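**Q** here are the coordinates; sequence isn't available:
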């Protein structure tokens, strides 16, 4: 590879690195760059945080309403039990949410079994 084939930008960077910098000037430049980066991070965080807070305030009530309605639907009993004691013991599994959870677990087990069967030798 000849010297003419080298990247001029890379050559410039190497030539700049050979220059001696004064200690005080280098330190001041480093501090300025560090402070600038800190300010940029702070501004990015502040600019991102303000819209997020506005969205939280705007959508808090509708999201709460949806959560309440979903929790009411998911706690519907699958079947009625005459004895209150037995019904109380079975209440964690006698609802729509547990049926959905069981269905999701079965689907996941089937998916994992299918994927593992595909890659096994």
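**A** Received, thanks. Bear in mind that the values here come from a model prediction, so they are computed numbers and not experimental data.

**Q** rest of the way, CA atoms for contacts and neighbours
**A** Noted.

**Q** How about the secondary structure of residue 76?
**A** Assigned by DSSP: H, G, I helix; E, B strand; the rest coil, the conformation of residue 76 is coil.

**Q** the helices in the protein, which residues?
**A** Across the chain, reading from the start of the chain, the helices by DSSP state H fall at 8-18, 23-74, 84-90, 96-119.

**Q** got TSV for those, with mean pLDDT too?
**A** What follows is the helices of the chain, written out as TSV (pLDDT from 0 to 100):
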stretch	mean pLDDT
helix 8-18	73
helix 23-74	90
helix 84-90	87
helix 96-119	89
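
**Q** Break the protein down into its structural domains.
**A** Domain assignment of the chain by automatic domain parsing yields the ranges 8-74, 77-121.

**Q** could these be laid out in CSV, adding mean neighbour count?
**A** CSV is the format used below for these (neighbours: other Cα atoms under 10 Å):
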stretch, mean neighbour count
domain 8-74, 11
domain 77-121, 12
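
**Q** State the distance from the residue nearest the centre of the chain to residue 45.
**A** With the centre of the chain defined as its mean C-alpha position, the nearest residue by Cα atoms, centre = their mean is residue 52, 14.6 Å away. For residue 52, the distance to residue 45 under the criterion Cα to Cα, to the nearest Å works out to 10 Å.

**Q** returning to what we had before: tell me which residues touch the residue nearest to the centre of the chain, please.
**A** Residue 52 makes no contacts at all, as judged by Cα atoms under 8 Å, 6 or more residues apart in numbering.

**Q** Kindly report the same for residue 80.
**A** Residues in contact with residue 80, defined by Cα under 8 Å, 6+ apart, are residue 87.

**Q** do the one 4 residues further on as well
**A** Listed by Cα under 8 Å, 6+ apart, residue 84 has no contact partners.

**Q** Got the phi and psi for residue 91?
**A** As for residue 91, its main-chain torsions (degrees, to the nearest 10) stand at phi -60, psi -30.

**Q** dump the residue contacts of it.
**A** residue 77.

**Q** measure it to residue 76 for me?
**A** Summarising the geometry, the distance separating residue 91 from residue 76, computed by Cα to Cα, is 10 Å.

**Q** likewise residue 83?
**A** Applying Cα to Cα, the value for residue 83 to residue 76 is 17 Å.
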